[in-house]
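Participant: here's my sequence, what's the structure:
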Amino acid sequence: MEKWMLKNIKFNTEKLINELNISEIMAKILVNRGITNVIDGKKFIDPELKYMHNPKLMKGMEKGVNIIKKAVKEKSRIMIVGDYDVDGVISTYILFTSLRECGADVIFEIPHRINDGYGINKSIIDKAINAGVNIIITCDNGISAIDAIRYAKENGIDVIITDHHDIPVDFDKLQADVVINPKQEDCPYPFKELCGAGVAFKFVQSLFNEMGINTNNANKYIHILAIATVCDVVDLVGENRIIVKNGIKEIENTNNIGLSRLIRITGIEDKNITTYTLGFVIGPCINASGRLDLAKKGVELLLCQDAEAADKLARELFELNKERKDMTQNGVIQAVNQIEASNIRNDSVLVVFNPDIHESIAGIIAGRLKEKYFRPVILLTSAKHGAKGSGRSIEGYNMFEELTKCKELLGKFGGHPMAAGMSLEEDKINLLRLKLNRNSKLSKEDLVPKVSIDMQLPMDKITLNLASELKCLEPFGKGNAKPVFAERNVNIYRASILGSNQNVLRLTLKTKDGRYINGVYFGDIDNFKKISMDKFGEEEVVKLFQGKNNNVVLDLVFNLDINEYMGNRNVQLIITNFR
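Facilitator: Numbers count the residues shown, from 1 in each chain. This next block holds a predicted model:
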């Protein structure tokens, strides 16, 4: 059972209400997001590109740009080394096309997920040597690649690292010529939460300025950068909010042939582009090439100038993603069965080893298990050299830090507080499990899902105008969740089941001022019926579904939405929890 928690931040919102011309409810939600002054409020409500920070503030930016400028002038060959996920693919695309625009002799390489593993490695550097490369620039990787960078330097290659991952403890051993990562301790750049493509974009802004190219030219990448920002699950605040808000506006009119074909093939051509379609439709198709094939195909799609070839590539990625979804579903079932049949079920940190799961989907399955069991999960599978896998965490458990405490058991590892990747020998898996759980400070309360509620909202305060006003808080995602409301003792007038699969519950709610508001619930309908019958009796629930007077009264947690149908617009509740 979830724990409902009402935010209770004390703050005088009068100035926000008057100077931003917003409602009291809107002002309260802004305060809940840490926005307590008018300037920050204006930037949040209307996040224009002009609010982006100067890229030159990022440590190493000027030196890195000068190395590339010199390389362009001297016709030195540059290799971009990306990563095989959406962020890495888009980082590579942005850098590659930008360097070409500057006149650079540039090639790119992305490691194969299975054969190479994460990030730059000796094999890629050997390719660079054979291709006559003078300079390597990484994107979305490299911050932990101490041995690989040393090998590159020993072979006379200059290395620029652009990355966004957390700084490792042995960072001082990294021999790169330049490191551009806002998370460096002494980096003065004000915003630390850019994805890898975001750091690459800032590099391009600075490079264009230095090369005499209009810096506004870099803004043509904003809509593609928005995909990487959403898919890398960084907080949608600050510059990330600016990128995604502006990118979504542009994406429907993209001039990128490959992206436009992918949008058409996925069936979202006539629908509104949202963070959902970026994160759960477009992004996974780009990602699928790096999971089950070559991530280069994702870059090739974005580079494609021929409509017929783009159609073929987009279709291929779409089909790969369908295959990935089937594999994921089967993998989740296997992992759940394994957990339920073992003695790890009660661990505060779940470490699961299943050699039959494809390593490319370990992270997705770990995420699904985390949602089901609400605890940190590491899913490991057999790889070329031992075991390899991914972890997903919950708030309050910094997975990267906890893995650092176990580094003597691990081969390579890296990541963030909420996600990490790692490799280790199979015979050390149980030792890892035991040590992580022995070190864990998670309490029983930490392992209870929390429902964070912005405010209590009486039914008679819910209007179409309020729902419309809240839309300016979009785009929603990590770090900027949809506003969550709750109300007690809501009278339920009628219930009905909708949908071709009979999987949507519609509740008609009666307000104190005599209005009726529809709410929809996408959860377990059978469970809703059972709980309601246990509390109110079968007869009352039958009357509820018949639309007759009944005594069913619920506490609800919900978001506000606007339902548009045949030209009519009505406010409706998206009910997420009830009791």
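Participant: when you work out contacts or count neighbours from here on, use the C-alpha atoms and nothing else.
Facilitator: OK.
Participant: the lowest-mean-pLDDT helix or strand in the chain - contacts with which helices or strands?
Facilitator: One helix or strand of the chain scores below all others by mean pLDDT, DSSP states H and E: strand 413-415, with a mean of 81. Other elements packing on strand 413-415 under the criterion 3 or more CA pairs under 8 Å, 6 or more residues apart in numbering; DSSP states H and E are helix 399-404, strand 419-424.
Participant: ranking these by burial, who's on top?
Facilitator: When you average the neighbours per residue for each of those (mean count of other CA atoms under 10 Å), strand 419-424 leads with a mean of 22.
Participant: before we move on, back to that, Throw the helices and strands packed on strand 413-415 into TSV and include distance to residue 328 and mean pLDDT, thanks.
Facilitator: Shown next, in TSV, are the helices and strands packed on strand 413-415 (distance: least, CA to CA, whole Å; pLDDT from 0 to 100):
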stretch	distance to residue 328	mean pLDDT
helix 399-404	23	94
strand 419-424	18	91
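Participant: between these, which gets nearest to residue 558?
Facilitator: Set against residue 558 and scored by CA to CA, the helices and strands packed on strand 413-415 come closest in strand 419-424, at 28.1 Å.
Participant: so what touches the closest one?
Facilitator: 386-393, 399-400, 409-415 (CA atoms under 8 Å, 6 or more residues apart in numbering).
Participant: just the buried residues of the residues you listed.
Facilitator: 387-393, 399-400, 409-410, 413-415 (16 or more other CA atoms under 10 Å).
Participant: any chance of a markdown table for those, columns distance to residue 317?
Facilitator: Formatted as a markdown table, the buried ones among the contacts of strand 419-424 follow (distance: CA to CA, whole Å):
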| residue | distance to residue 317 |
| --- | --- |
| 387 | 27 |
| 388 | 25 |
| 389 | 23 |
| 390 | 23 |
| 391 | 25 |
| 392 | 25 |
| 393 | 29 |
| 399 | 31 |
| 400 | 31 |
| 409 | 36 |
| 410 | 33 |
| 413 | 28 |
| 414 | 27 |
| 415 | 26 |
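Participant: what's the closest of these to residue 343?
Facilitator: residue 391 (19.5 Å).
Participant: in a helix, that closest one, correct?
Facilitator: No. Under DSSP: H, G, I helix; E, B strand; the rest coil, residue 391 falls outside any helix and is assigned strand.
Participant: hang on, isn't it packed against residue 375?
Facilitator: No. With contacts counted by CA atoms under 8 Å, residue 391 stays clear of residue 375, the gap being 10.7 Å.
Participant: closest to residue 549 out of the buried ones among the contacts of strand 419-424?
Facilitator: Nearest to residue 549 among the buried ones among the contacts of strand 419-424, with distances taken as CA to CA, is residue 393, at 45.6 Å.
Participant: and that closest one, what pLDDT?
Facilitator: Model confidence at residue 393, given as pLDDT, is 96.
Participant: neighbours of the closest residue to it other than its chain neighbours, how many?
Facilitator: Excluding the flanking residues, the one nearest residue 393 by CA to CA, 6 or more residues apart in numbering is residue 376, at 4.2 Å. By other CA atoms under 10 Å, 28 other residues sit near residue 376.
Participant: state the phi and psi torsions of residue 376.
Facilitator: With angles defined as degrees, to the nearest 10, residue 376 sits at phi -60, psi 140.
Participant: ok, residue 418 next?
Facilitator: According to degrees, to the nearest 10, residue 418 has phi -100, psi -10.
Participant: surely residue 111 meets residue 84?
Facilitator: Yes. Residue 111 is within contact range of residue 84, at 6.6 Å (criterion: CA under 8 Å).
Participant: find residues that contact each of those two.
Facilitator: 118, 295.
Participant: and those two? Which one has more around it.
Facilitator: residue 84 (30 against 22).
Participant: quick check, central residue of the protein?
Facilitator: What sits nearest the mean C-alpha location of the chain, by CA atoms, centre = their mean, is residue 233, with 1.8 Å.
Participant: doesn't it lie inside a strand?
Facilitator: No. The assignment for residue 233, made by three-state DSSP, is coil rather than a strand.
Participant: skipping its backbone neighbours, what lies nearest it in space?
Facilitator: Using CA to CA, 6+ apart, the nearest residue to residue 233 is residue 478, at 6.3 Å.
Participant: same check on residue 318?
Facilitator: Spatial nearest neighbour of residue 318, chain neighbours left out: residue 285 (5.4 Å); criterion: CA to CA, 6+ apart.
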